[in-house]
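Undergrad: Sequence plus predicted model, see below.
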Amino acid sequence: MLEALSYEFIQNALIAGLLVSMASGIIGSLIVVNRMVFLAGGIAHTAYGGIGIAVFFGFPIFLGASIFAVFAALIIAFITLNHRNRMDTFIGLMWAVGMALGVVLIDLTPGYNVDLMSYLFGSILAVSHEDILYMGGLLALIVTIMTFWYRDILAVSYDSEYAALRGINVKFFYTLILVLSALTVVVAIKVVGLILVIALLTIPVYVAEKLSNTLYMMMILSAIFSSLFTLLGLWFSYTFNIASGASIILISALSLFIFLLYNRLRLK
């Protein structure tokens, strides 16, 4: 693959993969410890409505998807904080409506023939410089927030009642985690697609969780594992000429299987 590094689109793909992997490792850890996997899945599929709006009105894809995903995250935060008994119904409704809206708007866009597969399963080889700047900015934002508010987010994630007694604004930080999750989901769609995005956000975290004792270490290990899986997936994709997003997830799943098998054999 060394000769491929001379191509600009390969360089962009590697940079984008590393940026998204680090963001996914950090936010994926928060999603898992807060038990938000289903919520993140709802946001991922709802974001397709933002893609349809962006295509229909001629906005940048990331802009449309991000705004729509953040809006969905705010609604989900309100629902889960105030109407927990109806949470599944509302998230399922938003999931379906977001997908349907995206498909309809793309179909109605005059003279536009979009490749739906690129959004469903990723198109990391088509990453532009503007996309990389967006991904880098998001990672910088995530790292900054975690640096300044780590203890508060840690308290909210593991014991929200205790956090509230300490005077921490639980609703604010819960909503902040969902908004950051929404933005991370949007950039991850570019790498692995909305169908596979939850795997990218959870598989490296599961392995990291078994090897760490703190949320901080889990985030670091998740980012490392996610980056490693992404690089191996890109190499596999280039070598065998298959879809990059699916390759990344298959490498991640295979690594998880090997890890679980090793642990099982070690304990015997």
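TA: That came through fine.
Undergrad: model confidence over whatever helix or strand Leu180 lives in, on average?
TA: Assigned by DSSP states H and E, Leu180 belongs to helix 170-192. Averaged across helix 170-192, pLDDT comes to 88.
Undergrad: Now do stretch 217-230: everything it contacts.
TA: The contact list for stretch 217-230, computed with Cβ atoms under 8 Å, 6 or more residues apart in numbering, reads 17-18, 20-22, 24-26, 28-29, 33, 146, 191, 200, 203-205, 207-209, 211-212, 248, 251-252, 255. All C-beta spots, glycine's among them, are computed from the backbone N, C-alpha and C.
Undergrad: With stretch 46-59 instead?
TA: So stretch 46-59 is contacted by 60-61, 63-69, 72, 94-95, 97-106, 108-109, 112, 114, 119, 182, 185-186, 189, 194 (Cβ under 8 Å, 6+ apart).
Undergrad: Also stretch 171-181?
TA: 27, 30-31, 34, 36, 39-40, 43, 70, 73-74, 76-77, 80-81, 141-142, 145, 149, 152-153, 156-157, 160, 163.
Undergrad: on that earlier part again, can you flag the buried ones in the contacts of stretch 217-230?
TA: Buried by 16 or more other Cβ atoms under 10 Å: 17-18, 20-22, 24-26, 28-29, 33, 146, 191, 200, 203-205, 207-209, 212, 248, 251-252, 255, out of the contacts of stretch 217-230.
Undergrad: For ChimeraX, write a command that selects the buried ones of the contacts of stretch 46-59.
TA: A single ChimeraX command selects the buried members of these (16+ other Cβ under 10 Å):
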select :61,64,65,66,67,68,69,72,94,95,98,99,101,102,105,106,119,182,185,186,189,194
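Undergrad: Which ones among the contacts of stretch 46-59 lie within strands?
TA: In strands, defined here by DSSP state E, there are no members of these.
Undergrad: from the contacts of stretch 46-59, which ones fall inside helices?
TA: Of the contacts of stretch 46-59, the ones assigned to helices by DSSP state H are 61, 63-69, 72, 94-95, 97-106, 108, 119, 182, 185-186, 189.
Undergrad: Which element, helix or strand, includes Gly42?
TA: Counting by DSSP H and E, Gly42 is found in helix 37-57.
Undergrad: Pull the contacting residues for the residue nearest the centre of the chain.
TA: The chain has Val185 as the residue nearest its centroid, 3.2 Å off, counting by Cα atoms, centre = their mean. Residues counted as contacts of Val185 (Cβ under 8 Å, 6+ apart) are 40, 43-44, 47, 69, 194, 197, 201.
Undergrad: Apart from its chain neighbours, what residue comes closest to Asn12?
TA: Val127 (4.6 Å; Cβ to Cβ, 6 or more residues apart in numbering).
Undergrad: Thought Lys190 was touching that neighbour, still the case?
TA: Yes - with contact defined as Cβ atoms under 8 Å, Val127 reaches Lys190; the gap is 6.3 Å.
Undergrad: ok, those two, which is more surrounded?
TA: A direct count of neighbours by other Cβ atoms under 10 Å for Val127 and Lys190 places Lys190 higher, at 27 against 24.
Undergrad: if I pick the more buried one, what's in contact with it?
TA: Taking Cβ under 8 Å, 6+ apart as the test, what Lys190 contacts is 16, 20, 62, 122-124, 127, 131, 135.
Undergrad: gap between it and Glu209?
TA: Going from Lys190 to Glu209 by Cβ to Cβ, to the nearest Å gives 26 Å.
Undergrad: Over to Gln11?
TA: On the measure of Cβ to Cβ, Gln11 and Glu209 end up 32 Å apart.
Undergrad: list residues touching both of Val127 and Lys190?
TA: With Cβ under 8 Å, 6+ apart as the test, Val127 and Lys190 both reach Ala16.
Undergrad: for the closest residue to the residue nearest to the centre of the chain other than its chain neighbours, what are its contacts?
TA: Nearest residue to Val185 in three dimensions, chain neighbours excluded: Ala44, at 4.7 Å (Cβ to Cβ, 6+ apart). Neighbouring residues of Ala44 by Cβ under 8 Å, 6+ apart: 185, 189, 194, 197-198.
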